[in-house]
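Participant: Would you be able to build a 3D model of this:
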Amino acid sequence: MSEEKQPLLSPLNDIENEYKDENEKRDIDKLQKKQSLIQRLKDYVKNSISKKTATILIYVFLYILSGVINSLLLKKVMNVFTNYGFFLNQLTNYGYVPIFGLIVLYKILFTNDIPKETRSFPQWKFVIMGALDAVTGYFVVIGGIKTSGPLQQLLNQSVIPFTMLLSFFFLKERYSLIQLGGALVIIGGVIVSLIPSLTGGDSRGNILFYNFFYLISMVPYAFSNVYKAIGFSSVEDMDVWYLQYFDALYQSLVGTVLFPINNWLPPPSDMKFNQVIPQLEAGAKCLGGINTLVEQFNSTTGELLPTSCNYNENISCDSCHNAWIIVLIYMAVNVSYNVFILLVLKHAGATVFSIANTLRLPLTNIAFSFKFIMGSDVTPFSGLAVAGLFIILFGLGGYRVGSMIKQKKASNAADGADDQVVPKVFPAQFGEVISPILIKKKIPPKSQTHLRNQFFGKLGIAVPESKLRNQNSIYGDEA
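Facilitator: Predicted coordinates for the structure are as follows:
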């Protein structure tokens, strides 16, 4: 029987199959290495980052995200109510009173978070705090209408040198050279940011008068910071929601009587005394999506009348479509933002909060320049705006480093005593927290017994253990 003939191409087929097998094996090895690398990375993250650290990182991320969105929505709300600044001020004041009121009512009825000692706190201190915040909020809303979003973020940082100056006189606070240098750099950055408005070359909706009007708001804001350090120094544990409720209540009441200031303001925030009620009515219509100020044309020529809105840059026509939706979203985001502020302060501390707040500044200004985010309210970057941003960031960095060094030294000197953190939260229009208010806990003087025992210890003389046990505390006297 003849031998079976082998195909001539069989060697080539074998080579091709071997080549395919090698490629498949190589691909499998690559996939396994890739999966192994991913697994090692997961294991590294899992082993190196604890659950607590992961929670803090999530809180910080959500704080920064909600803070950026909060600032963007605040400017959008201001742009919608350009012609009704006083109404917007009242809306954002009174709108938060029932929200905080319900939270406080729930806490009083169903929890022990607000004891009688807290409820007996003097109301006149809340009145002062609310009045200062009302003035701050008024200047922010009225000035912010004609101050671009990025410029608002830069001007906000001026609260640091203002607070430092007031703390120097009223709290006898002393600052390191690093902190003072950082504050001076911040002031320089603010001046650079204002140059386009000062020279009249800003075409991004900024009006110099209202830029300075907004900047002035940082003065009562700084006073509010200092007052909290004075007025709440005796409070061991003030419930934040309780504080915010009365702050919002008195802020609303005081903010209502600030309308005479509008009588002397230039357009678009000018409002005569006899126009208060009509302005509030038109603002309410705008909230409902109804435009009051619309373009008016000459019936004969079809030209825009000189008395019509949009005839010049001072008075723009209403754009109230879906205004109530924007306001509701802003208020919801603002409340969430305030919650994340408290969570970061509680779980991460003031230092991490300050770092996160510094990171939020450039991210917010970048977001203002994206058209797909801001739409018609987009604010393109300018050379001086970028320069001002970098200068302020440099100053902020120096100030934060100086503050951390000083805080560390103070903690060591105070034998580990912590400061009480009272977050400075504007529940309504401002929605900005530049830095938490640190209230230094009063450290009682050390007793003669403790000082005597400490002196003996330095001399190498052992103190009988029975005497140490008889001491109630290093700060108290012998029992």
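Participant: Pretty sure Gly85 sits against Ile142.
Facilitator: Yes. Counting by C-beta atoms under 8 Å, Gly85 does reach Ile142; the two are 4.7 Å apart. Glycine gets a C-beta too; all of them are placed from N, C-alpha and C.
Participant: Need the overlap of contacts for those two.
Facilitator: Taking C-beta atoms under 8 Å, 6 or more residues apart in numbering as the criterion, Gly85 and Ile142 both touch 262, 269.
Participant: can you tell me how far Gln157 sits from Ile391?
Facilitator: 10 Å (C-beta to C-beta, to the nearest Å).
Participant: That should have said Gly205, apologies.
Facilitator: 23 Å.
Participant: cool, Val254 as well?
Facilitator: 35 Å.
Participant: what do you get for Thr118?
Facilitator: 43 Å.
Participant: The two: who's more crowded?
Facilitator: Of the pair Thr118 and Ile391, Ile391 is the one with more neighbours under other C-beta atoms under 10 Å, namely 20 against 17.
Participant: mind listing the strands for this structure?
Facilitator: 420-422, 437-439 (DSSP state E).
Participant: ok so, going back, anything in contact with each of Gln157 and Ile391?
Facilitator: The contact lists of Gln157 and Ile391 share 186, 189, where a contact means C-beta under 8 Å, 6+ apart.
Participant: quick one: Val254 from Val226, how far?
Facilitator: For Val254 relative to Val226 (C-beta to C-beta), the value is 18 Å.
Participant: To clarify, my last question referred to Asn211.
Facilitator: 25 Å.
Participant: go on, Phe390?
Facilitator: Relative to Val226, and taking C-beta to C-beta, Phe390 is found at 29 Å.
Participant: do Phe340 as well
Facilitator: 25 Å.
Participant: Ser403 too?
Facilitator: Distance from Ser403 to Val226, by C-beta to C-beta: 16 Å.
Participant: same question, Val240
Facilitator: Taking C-beta to C-beta, one finds Val240 at 19 Å from Val226.
Participant: Low-confidence regions, the stretch 101-250 of the chain specifically.
Facilitator: 200-204, 233-236 (pLDDT under 70).
Participant: any idea where the helices of it begin and end?
Facilitator: 116-119, 123-144, 149-156, 159-170, 177-198, 208-216, 218-231, 240-256 (DSSP state H, counting those that start in this stretch).
Participant: What is the third one packed up against?
Facilitator: Just to be clear, that refers to helix 149-156. helix 51-80, helix 177-198, helix 208-216, helix 350-368, helix 383-413 (3 or more C-beta pairs under 8 Å, 6 or more residues apart in numbering; DSSP states H and E).
Participant: Run the angle between that helix and helix 123-144 for me.
Facilitator: 140 degrees (axes from the mean of the first three to the mean of the last three C-alpha atoms, to 10 degrees).
Participant: The fifth one now?
Facilitator: Relative orientation of helix 177-198 and helix 123-144, computed by the same axes, to 10 degrees: 40 degrees.
Participant: Identify each buried residue in helix 177-198, please.
Facilitator: Residues of helix 177-198 classed as buried: 178-180, 182-183, 185-187, 189-190, 192-194, 196-197 (neighbour count, 16 or more other C-beta atoms under 10 Å).
Participant: ok, now the first one?
Facilitator: Neighbour counts over helix 116-119 (16+ other C-beta under 10 Å) mark Thr118 as buried.
Participant: on contacts alone, who are the packing partners of it?
Facilitator: Using 3+ C-beta pairs under 8 Å, 6+ apart: helix 116-119 touches no other helix or strand.
Participant: can you start the count at 23 instead of 1 from here on
Facilitator: Right, with 23 as the first residue, what we last looked at is helix 138-141.
Participant: contacts for that helix?
Facilitator: Applying C-beta under 8 Å, 6+ apart, the set of residues contacting helix 138-141 from outside is 130, 259-261, 264.
Participant: buried subset of those?
Facilitator: Of those, these count as buried by 16+ other C-beta under 10 Å: 130, 260-261, 264.
Participant: can you name the two of those that are farthest apart?
Facilitator: Ile130 and Met260 (14.4 Å; C-beta to C-beta).
Participant: Can I get stretch 315-330 as PDB, trimmed to CA atoms?
Facilitator: Extracted in PDB, the C-alpha atoms of stretch 315-330 (Å, rounded to 0.1, in the frame of the first residue of the first chain):
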ATOM      1  CA  LEU A 315     -38.900  94.900  31.800                       C
ATOM      2  CA  VAL A 316     -39.200  94.100  28.100                       C
ATOM      3  CA  GLU A 317     -38.000  95.900  25.000                       C
ATOM      4  CA  GLN A 318     -40.200  98.800  23.900                       C
ATOM      5  CA  PHE A 319     -40.200 100.000  20.300                       C
ATOM      6  CA  ASN A 320     -41.400 103.100  18.500                       C
ATOM      7  CA  SER A 321     -44.700 102.100  16.800                       C
ATOM      8  CA  THR A 322     -43.800 104.300  13.800                       C
ATOM      9  CA  THR A 323     -40.100 103.700  13.200                       C
ATOM     10  CA  GLY A 324     -39.700 100.400  14.900                       C
ATOM     11  CA  GLU A 325     -36.700 101.700  16.700                       C
ATOM     12  CA  LEU A 326     -35.900 100.900  20.300                       C
ATOM     13  CA  LEU A 327     -37.100 103.600  22.600                       C
ATOM     14  CA  PRO A 328     -34.500 105.500  24.700                       C
ATOM     15  CA  THR A 329     -36.500 104.600  27.800                       C
ATOM     16  CA  SER A 330     -36.500 100.900  27.000                       C
END
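Participant: any idea of the mean pLDDT for it?
Facilitator: Stretch 315-330 carries an average pLDDT of 85.
Participant: Other residues contacting that stretch?
Facilitator: By C-beta under 8 Å, 6+ apart, the list of residues contacting stretch 315-330 reads 105, 304, 331-333, 337-340.
Participant: same thing with stretch 414-430?
Facilitator: So stretch 414-430 is contacted by 176, 179, 182, 197-212, 215, 372-373, 376-377, 380, 383-384 (C-beta under 8 Å, 6+ apart).
Participant: per-residue confidence at Thr75?
Facilitator: Reported pLDDT for Thr75: 83.
Participant: What is the burial count for it?
Facilitator: Neighbour tally, Thr75, other C-beta under 10 Å: 11.
Participant: can you check the one 4 residues further on too?
Facilitator: Here the count is done by other C-beta under 10 Å, and Leu79 has 13 residues near it.
Participant: show me the contacts for it.
Facilitator: Ile71.
Participant: State the distance from it to Phe416.
Facilitator: Counting by C-beta to C-beta - Leu79 and Phe416 are separated by 26 Å.
Participant: Go through the helices and strands packed on helix 171-178 and name the closest to Thr169.
Facilitator: Taking C-beta to C-beta, helix 230-238 is the member of the helices and strands packed on helix 171-178 nearest to Thr169, at 4.6 Å.
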